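I would like to see how this sequence folds:
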Amino acid sequence: MLDLLPDPMREPTVLAIPFFVTMLAIEWFAAYKLEESDDDGRAPKGAYEKRDARASLSMGVVSIATSAAWKLLGLLVYTAIFAYLAPWHLPVTAWYTWVIAFLGVDFLFYWSHRVSHRVRLVWATHQAHHSSEYFNFATALRQKWNISAALVMWLPLPLLGVPPALVFAAYSLNLVYQFWIHTERIDKMWRPFEFVFNTPSHHRVHHGSDPEYLDRNYAGTLIIWDRLFGSFAPETHRPTYGLTKPVGTYNIVKLQTHEYASIARDVRAAASWRARLGYVFGPPGWAPSSVAGAGATGAGTVESGDGRVSAPS
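Next up is the predicted model:
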């Protein structure tokens, strides 16, 4: 069957689809049977809402095709860099090459993910993943359709001699790992594991829209990057999931594109080139002082994640 797929799709992410479906079915069945609820009247932990889950799964299916197209483009560029610019070529069969590839991808994923929360144009590609107000395995499949920022971020790897195929293989393994951390069914784990690896507890924080949780825990596989670079926050209470400014739709095209439209509207209405650049490359929610009002400092208000005011990172 794999022979029917193009080369960029013959990868761990696609091969793991049966695992994704099985885990999703188990979690959905558990949610259906347990139906536990919080005292504050919020949705039960691990709950599924049909329209929300359908939107997540649909975005995941489309992302398989869009990611394959982006990866094909990236493969061409990486191959040229690897062949003509890399000072050495690491052997694809050596164990240390795989370790370098995996750690390199995970390290650069952290920074790519951090940039995607701090630069509005890149946030536009990523915010759809955060748009669900539920946190379950279906949310893990609510993937973005534009991975161009990540491809740019990984350019140092082929330049340092990591074979392009290993870059994509390591990224796919990274994504497969991140699937299982999108659940409320797993509480905090063994403390040494929690210290080193990203876990459901850490990632629930990342999906929270609560002020103390915004723009925290960017890690893919290893949470040590957040601990090293000051972006770690422990889970102290059940997060409020979703965007601080909900989109209010289950239309998957609007979920993926509404932030681009908002950027375009802000740029058209801007009174100066400085403001236009701020709306595109500033943090999400940035506004010039004249618009932000008394709360602005310096050139403008800096807001966090999907629009909540915070201190600049």
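
residue ranges with poor pLDDT in the chain?
1-12, 14, 33, 35-41, 290-313 (pLDDT under 70).

Would you state the strands of it in chain order?
For the chain, applying DSSP state E gives strands covering 287-288, 300-301, 303-304, 308-309.

Would you mind measuring from Pro288 to Tyr279?
Distance of Pro288 to Tyr279, given as CB to CB, to the nearest Å: 9 Å. Every residue, glycine included, has its C-beta placed from N, CA and C.

Mutual contacts of the two, please.
Residues within reach of Pro288 and of Tyr279 at once, by CB atoms under 8 Å, 6 or more residues apart in numbering, are Ala270.

what's the burial count for Phe109?
24 (other CB atoms under 10 Å).

wait, what's in contact with it?
Ala150, Met153, Tyr171, Asn174, Ala219, Gly220.

What sits closest to the first one if chain neighbours are left out?
The spatial neighbour of Ala150 that comes closest, neighbours along the chain excluded (CB to CB, 6 or more residues apart in numbering), is Ser112 at 4.9 Å.

Leu151 is in contact with the one you found, correct?
No. The pair Ser112 and Leu151 fails to qualify as a contact (CB atoms under 8 Å) at a distance of 9.2 Å.

who's in contact with Trp28?
Trp28 touches Tyr48, Ala53, Asn136, counting by CB under 8 Å, 6+ apart.

I figured Trp280 was touching Trp123, is that so?
If you look again at residue 280, you'll see it is Val, not Trp. No. Here Val280 does not reach Trp123: they are 10.7 Å apart, not a contact under CB under 8 Å.

Who has more neighbours out of these two?
Trp123 (22 against 17).

Neighbours of the closest residue to that one other than its chain neighbours, how many?
Of all residues not flanking Trp123 in the chain, Pro284 sits nearest, at 4.7 Å (CB to CB, 6+ apart). By the criterion of other CB under 10 Å, Pro284 has 29 neighbours.

wait, doesn't Pro284 sit right on Leu121?
No. Here Pro284 does not reach Leu121: they are 9.6 Å apart, not a contact under CB under 8 Å.

Most neighbours of all the contacts of Trp28, which one?
Result: Asn136 is most packed of the contacts of Trp28 (other CB under 10 Å), 26 neighbours.

show me what contacts that residue?
Leu24, Glu27, Trp28, Ala31, Gly46, Ala47, Tyr48, Ala53, His182, Thr183, Glu184.

can I assume the fifth one is in contact with Leu24?
No. Gly46 sits out of contact with Leu24 when judged by CB under 8 Å, with a separation of 11.3 Å.

picking that back up, now do the contacts for the residue nearest to Ala150.
Listed by CB under 8 Å, 6+ apart, the contact partners of Ser112 are Ala149, Ala150, Met153, Trp154.

redo that, cut-off 6 Å
Shown in contact with Ser112 (CB atoms under 6 Å, 6 or more residues apart in numbering): Ala149, Ala150, Met153.

The first one: how many residues sit nearby?
Okay, so that is Ala149. 19.

Same question for the last one.
By other CB under 10 Å, 21 other residues sit near Met153.

Equivalent analysis for the second one, please.
By the measure other CB under 10 Å, the count of residues near Ala150 is 24.

Check Thr22 too.
11.

And for Val267?
15.

Pro156 too?
Neighbours of Pro156 (other CB under 10 Å): 12.

Okay, it and Pro87: tell me how far apart.
12 Å.

repeat for Met189
Met189 is 41 Å from Pro87, by CB to CB.

out of the two, which sits in the more crowded spot?
More neighbours surround Met189 than the other of Met189 and Pro87, with 13 against 7 (other CB under 10 Å).

circling back: got the contacts of Trp28 as JSON lines, with distance to Ile224 columns?
Formatted as JSON lines, these follow (distance: CB to CB, whole Å):
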{"residue": "Tyr48", "distance to Ile224": "32"}
{"residue": "Ala53", "distance to Ile224": "32"}
{"residue": "Asn136", "distance to Ile224": "26"}
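
now, which of the residues you listed sits nearest Val247?
Ala53 (16.2 Å; CB to CB).

now the closest one, nearest residue through space, not along the chain?
Once flanking residues are discounted, Ala53 sits nearest to Ala138: 4.2 Å by CB to CB, 6+ apart.

Wait, that neighbour touches Ser56, no?
Yes. Using CB atoms under 6 Å, Ala138 makes contact with Ser56 at a distance of 4.2 Å.

quick one: which of the two has more around it?
Ser56 (29 against 24).

Now for that one: which residues touch it?
Shown in contact with Ser56 (CB under 6 Å, 6+ apart): Ala138, Thr139, Leu141, Arg142.

Generate a PyMOL selection restricted to the buried subset of those residues.
This is the PyMOL syntax for the buried subset of the contacts of Ser56, where burial follows 16 or more other CB atoms under 10 Å:
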select buried, resi 138+139+141+142
